[in-house]
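# after the sequence you'll find the predicted model.
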Amino acid sequence: MLREDLPKIVTETLPGPKAQAVIDRREKAVPQAIRCGYPVVMDYAEGAMIQDVDGNKFLDWIGGVGVLNIGHCHPEVVEAVKDQADKYFHGMFNVVTHEGYVTLAEKLSSIAPVRGDHAKAYFTNSGAEADENAVKIAKAFTKRPNIIVFSGAFHGRTLLTMSMTSKKAYAVGMGPFPDGVYRARFPYYYRNPAGMPQEKACEYYMESIYDVFEQCAPADTIAAIVVEPLQGEGGFIPAPIEWIKAVRTLCDKYGILLVADEVQTGFCRTGRMFATEYWKEAGVEPDIIATAKSIAAGVPLSAIIARDEIMDAPAPGTIGGTFGGNALACAASLKTIEIMERDDLAGRSLEIGKKVMERYGAMKEKYECIGDVRGLGGMIGIEFVKEKESKEPDGALTSAVIKECAQNGLLVEGAGTYNNVIRFLAPLVMTDKQLEAGLNIFEAAVSKCTK
């Protein structure tokens, strides 16, 4: 069964002949801007494994970029979608009520660690939509026009979320951008200014928020501060808890809402159902959570969750949409969450994360090119540099390692402001043998590419 298999390349070259034929067709039919550097054309997938049209088997450590925490084609989710499809595919929620939407909203409101005694939720289709709607709700509630985001942030590719996103390689030629989006420094402790004592780091990064108040927009004009609990595209950088506490205190002082972008960190990825559970354990909570990706095991769905008074602030007709909370997606999500809780995938994330961190930590001691290893649970980044002392990013090496891994049946993806981080986003249903095989392929690739 593919679900239990190990990576295996059976063709003499990658892509194989059948895959190459489809890739050639892709080049003619799909815009060049939707890039793909991987030699894989999917034929079938189960768990953490993908089989391509030529019979090659790949271990997937990308997981649809964090979408497949529960793995490819989980049979119970497949059955849940089939059962729903026998009843109806779609009913726009502004027109008819369907129970799956209501049940899922009740479930997420009960488990999401947002501030308040009671929460509500509603649904959109993508992470970018969730982030944009979170901002809309924050503005409606506070009656303020501006937001603060951070260096390294990625929030999407709509016009507003491109503005919120730090890396403007994702927005080339797409301006002008909306006003009212201001940027402070995210606490990237590995790259603190030279000579800065560690105990001064949190204060340094907090000062950059106050700089926004002074130089860009007064505090009483800021509706929300939007934070990824662990930056994704920015390089898998966890937000330090002491900094989050300071940001929460600042928000409370000035009447600003704290929005957590849990698009990539949600649904057991970090060792909790939501990464903001770590915040709650430390005594702080976000006001709004925007989440997506693994919420429905690959069926497009995203969610916005907040306490009642915030959610009820927007005027009628200003939120919602045709496909938000589609019946098939809600069915998939309800079953996905049921399985995650029943099978303790958050606990499995911690198990996998511990093994990966131990192996990556040993590699860091062994290889001069590995500057930092960091993460939460099963969401881990490994940063490549030209040498440890200078910390100069090595994007070329990172790219070479990614390509070498693919040639040997392991799919990994890059990240980071300097394109020098490889992220670990493997499905949490991966077997121990698959994990060990992947780690061996990964280390062999690093070794080969550094010779």
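Right, received. Where do you want to start? Note that this is a predicted model, so its numbers are computed, not measured.

# alpha carbons only for contacts and neighbour counts from here, please
Noted.

# what's the host helix or strand of residue 226 in contact with?
Element membership for residue 226, per DSSP states H and E: strand 222-227. Contacts with strand 222-227, where a contact means CA atoms under 8 Å, 6 or more residues apart in numbering, come from 135, 138-139, 142-150, 153, 251, 255-261.

# mind listing residues that contact the strand or helix carrying residue 434?
Assigned by DSSP H and E, residue 434 belongs to helix 432-449. Contacts to helix 432-449, defined as CA under 8 Å, 6+ apart, come from residues 4-7, 59, 352, 356, 359, 363, 397, 400-401, 404-405, 408, 410.

# are any of the contacts of strand 222-227 buried, and which?
Buried subset of the contacts of strand 222-227 (neighbour count, 16 or more other CA atoms under 10 Å): 135, 138-139, 142, 144-150, 153, 251, 255-261.

# coming back round to it: tell me the helix or strand right after the strand holding residue 226.
By DSSP H and E, the next helix or strand past strand 222-227 is strand 230-231.

# quick one: strands adjacent to that next one?
strand 237-238 (antiparallel) (DSSP bridges).

# what residues does the next helix-or-strand element following the partner strand touch?
Scanning forward in sequence from strand 237-238 by DSSP H and E, the next helix or strand is helix 241-254. Helix 241-254 has contacts (CA under 8 Å, 6+ apart) with 187, 202, 206, 219-220, 225, 256-258, 279, 282, 284-286.

# tell me which two in those are the farthest apart.
Spatial extent of the contacts of helix 241-254 (CA to CA) is set by the pair 220 and 282 at 26.7 Å.

# work out for me the element the closest residue to residue 97 other than its chain neighbours sits within.
Closest residue in space to residue 97, ignoring its immediate chain neighbours: residue 91 at 7.5 Å, by CA to CA, 6 or more residues apart in numbering. Counting by DSSP H and E, no helix or strand carries residue 91.

# contacts only, for residue 91.
97-98, 326-327.

# which residue is nearest the centroid of the chain?
In the chain, the residue lying closest to the centroid (CA atoms, centre = their mean) is residue 264, at 1.9 Å.

# now the strands: where do they sit in the stretch 301-450 of the chain?
For the stretch 301-450 of the chain, the strands defined by DSSP state E, counting those that start in this stretch cover 302-307, 370-376, 379-384, 410-411, 413-415, 421-424.

# so which of these comes closest to residue 41?
strand 410-411 (12.5 Å).

# neighbouring contacts of the closest one?
In contact with strand 410-411 (CA under 8 Å, 6+ apart) are residues 7, 58-62, 402, 405, 438, 441-442.

# out of the residues you listed, who's nearest residue 321?
Among the contacts of strand 410-411, and counting by CA to CA, the member closest to residue 321 is residue 62, at 29.4 Å.

# could you check the pLDDT of the closest one?
Note for residue 62: predicted pLDDT of 98.

# I figured it hits residue 414, correct?
No. Assessed by CA atoms under 8 Å, residue 62 is found out of contact with residue 414, at 9.5 Å.

# okay, and the common contacts of those two?
residue 423.

# run a quick neighbour tally on residue 60.
30 (other CA atoms under 10 Å).

# equivalent analysis for residue 266, please.
By the measure other CA under 10 Å, the count of residues near residue 266 is 28.

# for residue 288, same thing?
Residue 288, neighbours per other CA under 10 Å, totals 31.

# next up, phi/psi of it, please.
With angles defined as degrees, to the nearest 10, residue 288 sits at phi -130, psi 140.
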